[in-house]
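Engineer: With the sequence up front, the predicted model follows.
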Amino acid sequence: MAVDLSPIDENLLAEIANIHGLPKGAFNIRKDGQLVERHSSANIEIATKTDNPGIDIHIAPGTKGETVFIPVIVTQSGLKDVVYNTFYVGEDCDITIIAGCGIHNESHQASEHDGIHSFHLGKNSHVKYVEKHYGEGAGTGERILNPVTNVYMDENSTCEMELIQLRGVSSTVRDTNAEVGAGAKLVLTEKLLTHDAQTATSNMKVELKGDDSSVQVISRSVAQDDSVQVFNPLVIGEAACRGHVQCDAIIMGNAKVKAIPGIEAASEDALLVHEAAIGKIAGDQITKLMTLGLTKEEAEEEILEDFLN
């Protein structure tokens, strides 16, 4: 390995990507702005960018059943790590991409990772993308994550994106942008839990550009303590398309949640719907679980886990 991994590093990789040791197939592991280890496969080539820090991932047409891992970990306090990763997915592919970032901070200085990911999906390809963010450490320094995701979908491609952030991230601003071509389908699922005084903002813009294109946006979040969440999803229909935006949030303590789902139609054949709901845990749900022997705290935890899964 170019950089040795400590037990803390290994725990972060397990949390964000379920990696134990080096994964099989294609992968790129990054720590504190440096390459730990990289491996390409016969169908997936990973190469260092020449213009920006980051990597280009080229997936050969017809590649099916392969997974590529690109996790990032940050353990150096005071570091601001910026990386640009671009995926070029050939036609007729069916692959899974596992990404994410884990930050361990024991200092009073902030640690930050900003990952800018771009995806170019070829015709008839299917991509499942899972990105998990996680923070830990006893330090008072902030753990900051500001991801940018850009998706460009060719005809009849499909993309399922799971964007997850459940613990330990002090501040995040997420920007997600997509252009969806004819017959293409995008499913964006966001799961978020904030606590203490954490802040999280999620901005989404999806442009449905081709006939029979579609998007489903599902946002589920829990805001606890004094945390603040803001959701700004926007779907724009420019053709005979379908779009559905659903934002559901549970609010607890002194938290604040703002959901501003938006839809814009530029075609009379666009069918767009948005929904938003914010509320506390229903008392009868807690009571029912307490009759089964759970404490109030255990009942709340089980309800939240079920809500976010």
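Structural biologist: Arrived safely, thanks for sending.

Engineer: What strand or helix carries residue 183?
Structural biologist: If you go by DSSP states H and E, residue 183 is not part of any helix or strand.

Engineer: Look at the nearest residue to it once chain neighbours are set aside and report its pLDDT.
Structural biologist: Leaving aside its sequence neighbours, residue 183 sits nearest to residue 156 (CB to CB, 6 or more residues apart in numbering; 4.1 Å). All C-beta spots, glycine's among them, are computed from the backbone N, C-alpha and C. pLDDT, residue 156: 98.

Engineer: and residue 156, what does it touch?
Structural biologist: Residues in contact with residue 156 (CB atoms under 8 Å, 6 or more residues apart in numbering) are 123, 124, 182, 183, 184.

Engineer: looking at it, the fourth one is touching residue 213, isn't it?
Structural biologist: Yes - applying CB atoms under 8 Å, one finds residue 183 in contact with residue 213, separated by 6.6 Å.

Engineer: neighbour-wise, which of the two wins?
Structural biologist: Applying other CB atoms under 10 Å to residue 183 and residue 213 shows that residue 213 carries more neighbours, namely 29 against 18.

Engineer: Over to that one: give its phi and psi.
Structural biologist: phi -80, psi 160 (degrees, to the nearest 10).

Engineer: repeat for residue 283
Structural biologist: Main-chain torsions, residue 283, degrees, to the nearest 10: phi -60, psi -40.

Engineer: now the helices for this protein?
Structural biologist: In the chain, the segments counted as helices under DSSP state H are 7-17, 283-290, 296-308.

Engineer: from the middle of its chain, how far away would the shortest one be?
Structural biologist: Just to be clear, that refers to helix 283-290. 31 Å (CA atoms, centre = their mean, to the nearest Å).

Engineer: now the angle between helix 296-308 and that helix, please.
Structural biologist: 110 degrees (axes from the mean of the first three to the mean of the last three CA atoms, to 10 degrees).
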